[in-house]
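Asker: Sequence first, predicted model second:
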Amino acid sequence: MHEFITSTVLFTNICYALPVSATGSKDSPLYVRLADDLTQQVGRGILRQGDRVPSLRELSRKKGVSISTALQAYLHLENRGFLEARPQSGFYVRTPYSDLIPEPQFEASKMLPAATGTNAILAEIMEAASDPSNISFGAGHPNPEVFPVARLNLILRRIIRRDPLHSAHYDFPPGAEVLRRQIARRAVDIGGHFTPREITVTTGALEAMNLCLRAVAKAGDAIAIESPTYFGILQSALALNLKVLEIPTHPQEGMDLNELERAIRKHRVKACVVMTNCHNPLGYILSDDYKKALVELTARHNVAVIEDDIYGDLPLNGPRPRVAKSFDRKGLVMLCSSFSKILCAGFRVGWVVAGRFSAEVQRLKFLTSVATASLPQRAVAEMIASGSYDRHLKRLRTVIAARVDDTRRAIARYFPEGTCVSRPAGGYLLWVQLPPRVDGLKLYRAALEQHICILPGTIFSGVGRYKNYIRINCGDSRSEARDHALVTLGRLCELL
């Protein structure tokens with residue numbers, strides 16, 4: 001891979017590759033803000049690949065900081081592959097490792113009904129992902145260390161003292177009003193102008209999507225999904241005996257809307273399941289124009305849209321993106337989300353705004369699980385109302401942006417030539433395309449013998465696509481063990 005890394009590649013958009021920790025936030029350390037200033041100069045073309053950056057003394061004098069702080073800024077950029085130190089000369093702009101490895105490209109494929117039987121290994125994978133002895137690149141949530149556990153425990157104790165009977169009754173659908181009110185207030189910023197009454201609290205986002213599927217489709221009906229897609233949707237469709245149509249999906253531009261319309265006309269599609277923000281596993285955030293076009297297309301054919309926005313609060317750069325639901329004028333878009341991937345996985349607090357299907361979703365929620373646990377709902381509501389959620393979210397975005405970048409650099413260094421990796425606009429998941437000779441499922445099993453857990457690409461398709469793909473979670477802690485695990489994965493790829 002070293003030949004690939006050291007090849008001449010144009011230095012483009014270093015600011016995009018820089019972790020969010022270096023976005024000039026007033027809460028960021030001074031050395032990080034200095035680093036951001038330099039990368040902004042590169043982004044504007046003031047500094048280019050090979051240019052010498054100011055000396056430590058010059059930077060110290062111009063910015064009014066100590067030489068130690070200036071050195072920290074340069075070391076911060078050097079550690080991430082953005083600068084290189086040359087003996088007796090100084091620091092120079094270089095191409096980041098993370099930019100040297102290409103993204104997976106769109107592979108045109110025919111739309112096929114998914115059999116969904118290829119996910120038989122899921123039970124085995126889930127068991128491996130939950131084994132604490134494994135280095136887990138397979139989980140869909142970050143390491144517990146980044147969750148605000150201490151703050152949540154404090155809130156829980158406060159609620160228990162204030163209201164000892166907090167869970168002595170059911171919070172029947174639509175759920176605890178105190179939480180629904182907070183969700184509605186936050187949703188205004190993403191174009192979600194709906195009332196607390198329109199929100200139904202669920203036990204996680206997967207229950208929300210299951211309820212939506214049941215509300216709009218029955219056994220034998222067809223639904224359209226992105227390909228690749230979250231494997232939980234495939235399993236839900238299998239359980240409900242639905243016909244799944246995998247629509248070709250571009251790694252950066254989303255589902256092919258022309259193919260979607262053909263599928264709707266040919267198969268009388270009842271619902272379209274999409275993830276327009278921080279996609280799992282591709283990582284893209286689709287444009288507002290795309291979201292509007294998707295909603296207008298499905299509305300013309302009276303097709304429901306089930307929008308999974310579970311990672312939507314985690315763009316790696318820029319503001320929180322709007323949801324497709326914001327363009328809905330007919331009540332056909334059903335927006336689903338959860339706090340599991342951001343706040344605390346074990347609370348299992350999700351929600352859905354089901355539009356014209358709200359009454360049916362609430363009825364099915366009651367029949368399925370009666371109600372969502374009361375105490376977690378109240379804890380999440382207080383976390384949001386106190387401002388702690390937004391503060392946590394800001395820190396989390398900083399952490400995961402750095403870890404995504406670190407992991408991409410490691411893959412560029414250690415994986416075989418021909419590897420391609422997604423450059424996510426949001427979330428902490430990487431979609432890795434391995435050389436054609438490497439079987440992702442075989443790699444999964446070989447890695448598990450080394451106590452490393454990844455997800456093979458085939459589980460993200462119901463028709464056996466993505467055999468030479470894997471998904472890697474970057475949300476775990478940075479450690480020597482994880483770095484060693486990435487080295488091991490690269491070596492295993494060479495051996496398979």
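Answerer: Happy to help now that I have it.

Asker: got the residue ranges for the strands in the stretch 151-300 of the chain?
Answerer: Counting by DSSP state E, counting those that start in this stretch, the stretch 151-300 of the chain has strands at residues 199-202, 222-227, 243-250, 254-255, 271-274.

Asker: Figure out which of these is closest to residue 389.
Answerer: strand 199-202 (16.0 Å; Cβ to Cβ). C-betas here are computed from N, CA, C, even on glycine.

Asker: Which residues are in contact with residue 411?
Answerer: 101, 419, 421, 430, 432, 472, 486, 490 (Cβ atoms under 8 Å, 6 or more residues apart in numbering).

Asker: min pLDDT across these, which one?
Answerer: Note: of the contacts of residue 411, the lowest pLDDT belongs to residue 101, at 74.

Asker: Mind checking what secondary structure the closest residue to it other than its chain neighbours has?
Answerer: Computed as Cβ to Cβ, 6 or more residues apart in numbering, the closest residue to residue 101 that is not its neighbour in sequence is residue 412, at 4.0 Å. Classification of residue 412 using DSSP: H, G, I helix; E, B strand; the rest coil returns helix.

Asker: Would you quantify the distance from the residue of the chain most remote from its centre to residue 79?
Answerer: The outermost residue of the chain, judged against the average C-alpha position, is residue 88 (42.8 Å), by Cα atoms, centre = their mean. Distance, residue 88 to residue 79, by Cβ to Cβ, to the nearest Å: 21 Å.

Asker: what's the answer for residue 301, then?
Answerer: 51 Å.

Asker: Those two - which one has more neighbours?
Answerer: The residue with more neighbours, out of residue 301 and residue 79, is residue 301; 14 against 11, by other Cβ atoms under 10 Å.

Asker: per-residue pLDDT, that one?
Answerer: 98.

Asker: got the residue ranges for the strands in the stretch 1-150 of the chain?
Answerer: According to DSSP E, counting those that start in this stretch, the strands that the stretch 1-150 of the chain contains are 83-86, 90-93, 112-114, 135-136.

Asker: Point out the most buried one among those strands.
Answerer: Highest mean neighbour count of these: strand 135-136, a mean of 21 (counted as mean count of other Cβ atoms under 10 Å).

Asker: Can you list the strands that it pairs with?
Answerer: Under the criterion DSSP bridges, strand 135-136 sits next to strand 452-453 (parallel) in its sheet.

Asker: Show residues contacting the partner strand.
Answerer: Residues from elsewhere that reach strand 452-453 (Cβ under 8 Å, 6+ apart): 125, 128-129, 131, 134-139, 447, 485, 488-489.

Asker: Going through those residues, which ones are buried?
Answerer: Buried members of those, scored by 16 or more other Cβ atoms under 10 Å, are 125, 128-129, 134-139, 447, 485, 488-489.

Asker: Can I get the residues you listed in TSV including pLDDT and distance to residue 436?
Answerer: Output for the buried ones among the contacts of strand 452-453, formatted as TSV (pLDDT from 0 to 100; distance: Cβ to Cβ, whole Å):
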residue	pLDDT	distance to residue 436
125	80	23
128	79	25
129	74	26
134	86	27
135	88	26
136	86	27
137	90	22
138	84	23
139	80	27
447	96	19
485	94	24
488	96	21
489	97	17
